[in-house]
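K.L.:
Kindly return the folded structure for what I paste below:
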Amino acid sequence: MRQSTYQTDHELQDRAVLVSLVTPDVKRSGMNPEHSLDELVSLAETAGVEVLTTITQNKETPDNKWFIGKGKVEELRAAAEELGATTVIFDQELSGAQVRNLEEALDLKIIDRTQLILDIFAQRAKTREGIIQVELAQLSYLLPRLSGHGKNLSRLGGGIGTRGPGETKLETDRRHIRDRISDLKALLEEVVRHRQLHRERRRKSGVIQVALVGYTNAGKSTLLRELTAADVYVENQLFATLDPTSRNLELPSGKEVVLTDTVGFIQNLPHDLVAAFRATLEEVCEADLVLHVIDSSSPTREEQAAVVQQILVELGAADKPQITVYNKKDLCVGDCRDRIPSGTDTLWISAYSKEDLNLLRQLIQDKLTGDTRTFVLPAERGDLIALAYRTGEVIEQMVDGDQMRLTVELNKQDFAVHGYKLQEYIESL
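P.N.:
Reported below is the predicted structural model:
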């Protein structure tokens with residue numbers, strides 16, 4: 001597969017002014033504009049951008065031509081000239097026409113939140129699958145906006161907004177982009193087919209799958225590393241993990257399950273990105289248990305948790321058995337602890353506390369374990385007795401004449417895979 005990133009000059013760092021438009025619709029959505037702008041600053045810094053200042057405008061509706069008001073455009077131009085900005089990054093998604101008009105008015109590179117997130121993913125993609133997914137998302141985003149990205153696409157010296165689909169004159173080569181999108185979709189279909197085969201093998205072998213999900217930078221990779229001794233990249237930055245990682249996790253009973261780390265979610269996660277990563281995110285749909293990891297020290301943790309739950313709904317995984325893990329207990333200050341909800345499926349932990357990790361392992365085991373049941377089987381039916389052992393942990397065994405009485409602590413997944421024959425036998429009596 002060809003290299004999917006531009007040649008960039010990393011010595012030329014983007015220097016950006018960040019802009020947010022606050023409308024009544026944004027306020028009604030429940031999204032906190034200040035927190036969203038703070039998050040945009042973190043995203044820009046993650047992408048290697050020097051943030052010079054932020055500008056906010058309150059307006060009834062976005063301007064069709066400029067997105068922000070004309071007077072605000074002049075204020076933005078003056079601020080950019082004074083500070084020596086090379087780029088303006090908007091916290092909302094822009095149309096191609098708005099990008100073109102702003103570029104002409106400001107003579108600067110214009111980036112929106114979606115393109116910034118896609119750029120970060122382009123930097124982080126390392127595996128063949130990840131590169132395919134990011135390139136597909138970027139091309140799908142750019143295709144309807146080609147006329148509005150002339151300045152971005154002509155500045156191939158590097159920086160945000162120029163990584164990803166290669167050094168092609170995208171604004172004039174729509175046919176090339178459509179052909180490339182078709183090729184990438186075909187490659188992803190092959191990825192989907194392989195993943196489906198792996199899932200079928202896991203089902204048949206009775207492997208139990210536990211998926212880590214959560215807002216970006218909630219500490220999922222740290223938790224995976226501490227629980228399984230996995231050699232994974234851990235860093236205090238947004239989207240440190242892009243490619244999913246799976247490792248075996250041993251539970252207190254000695255039984256092993258597969259724990260999978262997934263890409264972090266974020267508010268306004270680009271639709272094209274969700275679509276491109278659906279093959280990866282569907283691993284969550286196949287999981288037997290979901291661990292929703294929340295940064296308990298974040299002032300916006302409730303909003304972040306709501307974003308994750310909404311994306312799980314969109315993926316069709318909202319009804320999965322779930323444990324809510326409030327992570328980063330060691331970073332909580334003030335009234336942080338008082339705001340932790342209580343519940344049988346909720347745990348407040350530090351990923352660096354062995355005691356907390358043991359509590360989490362036990363809760364995972366309890367959540368995966370079903371009821372205790374007693375099976376009375378013919379002693380000569382070795383096949384059924386073997387099945388009983390495979391459907392859970394036999395905690396008591398008694399022989400009564402020509403019958404064997406087995407008390408079994410069921411594992412839900414094992415019973416789903418192996419227990420149907422036992423169920424058929426019981427129902428036939």
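K.L.:
Do you have the strands of this protein handy? List them.
P.N.:
15-22, 50-58, 87-90, 109-112, 209-214, 245-250, 256-261, 289-295, 322-327, 346-348, 369-378, 392-400, 403-411 (DSSP state E).
K.L.:
Any stretches of the stretch 101-250 of the chain with poor pLDDT?
P.N.:
147-172, 203, 206, 232-243 (pLDDT under 70).
K.L.:
before we move on, the earlier item: would you mind telling me which of the strands of the chain is nearest Leu269?
P.N.:
Each of the strands of the chain has some distance to Leu269 by C-beta to C-beta; the shortest is strand 209-214, at 12.5 Å. C-beta coordinates here come from the backbone N, C-alpha and C atoms, glycine included.
K.L.:
Sheet-wise, list the partners of the closest one with their directions.
P.N.:
Paired neighbours of strand 209-214 in the sheet (DSSP bridges): strand 256-261 (parallel), strand 289-295 (parallel).
K.L.:
hey, least reliable of the ones you listed by pLDDT?
P.N.:
Least confident of those, judged by mean pLDDT, is strand 256-261 with a mean of 89.
K.L.:
got the angle for that one vs strand 403-411?
P.N.:
With axes from the mean of the first three to the mean of the last three C-alpha atoms, to 10 degrees defining the directions, strand 256-261 sits at 10 degrees from strand 403-411.
K.L.:
Scan this protein for its longest helix.
P.N.:
helix 174-205 (DSSP state H).
K.L.:
ok, and for that one, which residues are buried?
P.N.:
Going by neighbour count (16 or more other C-beta atoms under 10 Å), the buried part of helix 174-205 is 177, 180-181, 184, 187-188, 195, 199, 202.
K.L.:
now that helix against strand 256-261, angle please.
P.N.:
Using the same axes, to 10 degrees: helix 174-205 against strand 256-261 is 160 degrees.
K.L.:
sorry, back to before: Throw the strands paired with strand 209-214 into TSV and include distance to Val376, thanks.
P.N.:
Listed next are the strands paired with strand 209-214 as TSV, based on distance: least, C-beta to C-beta, whole Å:
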stretch	distance to Val376
strand 256-261	30
strand 289-295	31
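K.L.:
Val213 is nearest to which of those?
P.N.:
strand 289-295 (5.7 Å).
K.L.:
Which residues does the closest one contact?
P.N.:
With contacts defined as C-beta atoms under 8 Å, 6 or more residues apart in numbering, strand 289-295 is touched by 208-215, 217-220, 223, 284, 301, 304-305, 308-309, 312, 317, 320-328, 364, 367-368.
K.L.:
Apply the buried test to the residues you listed and list what passes.
P.N.:
When the contacts of strand 289-295 are checked against 16+ other C-beta under 10 Å, the ones flagged as buried are 208-215, 217-220, 223, 284, 301, 304-305, 308, 312, 317, 320, 322-328, 364, 367-368.
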